[in-house]
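Here is my input; please provide its structure:
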Amino acid sequence: MIPYGKHQIDQQDIDAITQVLTNEFLTQGKQVPAFENELQQYCQSEYAVAVNSGTSALHIACLAAGVAHGDVVWTSPISFVASANCALYCGAEIDFVDIDPTTRNLSIEALTQKLATATKIPKAIVVVHYAGVSCDMQALAKLKAQYGFMIIEDASHALGGRYQESPIGSCQYSDMAVLSFHPVKSITTAEGGAVTTNNAELAEKLILFAKHGITRHPARMENPSEDAWYYEQVELGYNYRLSDLHAALGRSQLKKLDGFIAERQKKVDWYQQALAHLRLKLPTNPESGLAAWHIYVVECVEHDRRAVFNALREKGIGVNVHYIPIHLQPYYQRLGFNPGDFPVAEAFYQNAITLPLYPGLELKQQQRVVDALESILA
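Numbering: from 1, shown residues only. As a prediction, this is how the structure comes out:
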């Protein structure tokens, strides 16, 4: 079975982990600060805070933004549930903005209309860069200036991509950007995530919420420090630390990130040509910048998606679907959402199939995917 996504590990990665296992602290050592420093340099952000998952990163980003009971957060319905759950973790309400049918990202037009008629402006908008293609961040920043919400980029799909001339994660037009290092993402730490920001106050809050709310910094403590052992809990934080083992793998992977993205783009370009003659709706390259191409999603606009999906699986092609709209999940329907609330997202879901795409995907495997689609769609 050809999987839809797969990590790529080499001897350099293995050696990096072995070095930590045999010579260094397994956690709270020097690898995590070094990884954070290298991330902020790569993303061209002022700060980076590494944590144990992208979900944890979303949670502390909402906490740092001050999201709390009585607030509302908006996001895209086409994402993994963590993009919405993070607001609920903080006691806030969640709502969605329908997607653009071409970019599959949150629709700027729909957002503009929703803001104009909203009785309650969101505290924050979690902007998902679907498949690694950046949203129109400049347009979002203009709306932020008008309405005053905070922007949290869910860039879990997008590390290694660019918006205009800047790396995604630079926070040029946002308050924070969330990264994920799950094994099928741009790079992996096995499990892990991070938040980047250019705001010193937000960075301090991110660190506190990720580490039990505990500080040893004299300026942040309420009482004079008694000695080197002294610390204070000043917030209700969480144990979201990343281990040094995970960070060592991330540092090794980060060195190869640009190569991984180049491989993904090469394979996307091949798909675009090889599939152009079939009755499928193909994704589009961004108008400005560079996509990270976490996933490659086609739409079966003239065929039964279920039949195509099952036929591909039977031929050993491990396709997937990204995603079931969040508002259609039973938990969210119990919150009051219903089918038909976000029709563009729902129509996209009915047609979407994620084809295999990852740096190690071989040309002969891609050809198998195309041959299978030609056979099925014929």
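
Strands along the stretch 201-350 of the chain, start to end?
214-215, 232-233, 289-290, 296-299, 317-318 (DSSP state E, counting those that start in this stretch).

Adjacent strands (with direction) for the last one?
Right, the one you point to is strand 317-318. strand 2-3 (parallel) (DSSP bridges).

distance between the partner strand and the chain's centre?
The chain centroid and the centroid of strand 2-3 are separated by 22 Å, computed with C-alpha atoms, centre = their mean, to the nearest Å.

again with stretch 239-247
Offset of stretch 239-247 from its chain centre (C-alpha atoms, centre = their mean): 18 Å.

Domain parsing of this structure, as residue ranges.
Listed by automatic domain parsing, the domain ranges of the chain are 2-254, 257-377.

would you turn the strands of the stretch 201-350 of the chain into TSV with mean pLDDT and mean neighbour count?
(Glycine included, C-beta is placed from N, CA and C.) Shown next, in TSV, are the strands of the stretch 201-350 of the chain (pLDDT from 0 to 100; neighbours: other C-beta atoms under 10 Å):
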stretch	mean pLDDT	mean neighbour count
strand 214-215	92	16
strand 232-233	92	14
strand 289-290	95	20
strand 296-299	98	23
strand 317-318	98	20
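
Switch those strands over to CSV; also include distance to Ala139.
Output for the strands of the stretch 201-350 of the chain, formatted as CSV (distance: least, C-beta to C-beta, whole Å):
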stretch, distance to Ala139
strand 214-215, 38
strand 232-233, 41
strand 289-290, 14
strand 296-299, 23
strand 317-318, 36
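
just checking, Glu191 touches Phe181?
Yes - in terms of C-beta atoms under 8 Å, Glu191 counts as a neighbour of Phe181; the distance is 7.3 Å.

residues shared between the contacts of these two?
His246 (C-beta atoms under 8 Å, 6 or more residues apart in numbering).

in the stretch 1-150 of the chain, which spans are helices?
For the stretch 1-150 of the chain, the helices defined by DSSP state H, counting those that start in this stretch occupy 11-23, 31-43, 54-64, 82-89, 108-117, 137-147.

Who are the packing partners of the last one?
By that I understand helix 137-147. helix 108-117, strand 124-128, strand 150-154 (3 or more C-beta pairs under 8 Å, 6 or more residues apart in numbering; DSSP states H and E).

sorry, back to before: minimum distance to Tyr231: which of the helices of the stretch 1-150 of the chain has it?
Of all the helices of the stretch 1-150 of the chain, helix 31-43 sits nearest to Tyr231, with 17.8 Å by C-beta to C-beta.

Looking at the helices of the stretch 1-150 of the chain, which is nearest to Asp258?
Using C-beta to C-beta, those put helix 31-43 closest to Asp258, at 9.1 Å.

Which residues outside the closest one are in contact with it?
20, 24, 45-50, 159, 167-171, 177, 179, 194, 196, 241-245, 247-248, 250-251, 254, 257.

swap the cut-off to 6 Å and go again
Applying C-beta atoms under 6 Å, 6 or more residues apart in numbering, the external contacts of helix 31-43 come out as 48, 50, 167, 169-170, 194, 196, 242, 244, 247-248, 250-251, 254.

and the angle for that helix with helix 11-23?
For helix 31-43 against helix 11-23, the angle by axes from the mean of the first three to the mean of the last three C-alpha atoms, to 10 degrees is 150 degrees.

tell me the mean pLDDT for helix 31-43?
Helix 31-43 comes out with an average pLDDT of 98.

Centroid-nearest residue for the protein?
Central residue of the chain (C-alpha atoms, centre = their mean): Ser156, 1.4 Å from the mean position.

Quick one: residues contacting the nearest residue to it once chain neighbours are set aside.
Sequence neighbours aside, Ser180 is the residue nearest to Ser156 in space, at 3.6 Å (criterion: C-beta to C-beta, 6 or more residues apart in numbering). Ser180 makes contact with 54, 156, 193, according to C-beta under 6 Å, 6+ apart.

One more pass at 10 Å, please.
53-55, 57-58, 80, 82, 154-159, 186-189, 191-194, 294 (C-beta atoms under 10 Å, 6 or more residues apart in numbering).

and for stretch 301-317, what are the contacting residues?
The contact list for stretch 301-317 (C-beta under 10 Å, 6+ apart) reads 1-4, 278-281, 298-300, 318-321, 347, 349-356, 365, 368-369, 371-373, 375-377.

Could you identify which of the domains of the chain is most buried?
Across the domains of the chain, averaging neighbours per residue (mean count of other C-beta atoms under 10 Å) puts domain 2-254 on top, at a mean of 20.

Do me a favour and get the end-to-end distance for that domain?
By C-alpha to C-alpha, to the nearest Å, the extent of domain 2-254 from end to end equals 25 Å.

How about the contacts made by Tyr47?
Counting by C-beta under 10 Å, 6+ apart, Tyr47 has contacts 36-37, 39-40, 171, 176, 194-200, 202-204, 206-207.

Which strand residues bridge it?
Beta bridges link Tyr47 to Thr197, judged by DSSP bridges.

Identify the residues contacting the closest residue to Val178 other than its chain neighbours.
Leaving aside its chain neighbours, Val178 sits nearest to Ala57 (4.5 Å; criterion: C-beta to C-beta, 6+ apart). The contact partners of Ala57, taken as C-beta under 10 Å, 6+ apart, are 49-51, 82, 86, 152, 154-156, 176-181, 192-196, 206, 210, 240.

per-residue pLDDT, Ala57?
98.

Begin at 887 from now on, thanks
Happy to do that; since the first residue is 887 now, the last one works out to Ala943.

Tell me how far it lies from Ala1096.
Ala943 sits 9 Å away from Ala1096, going by C-beta to C-beta, to the nearest Å.

and the gap between the residue nearest to Val1064 and Tyr1126?
Shown here: Ala943 relative to Tyr1126, a distance of 8 Å by C-beta to C-beta.

overlap in contacts of these two?
935-937, 1079, 1092, 1096.
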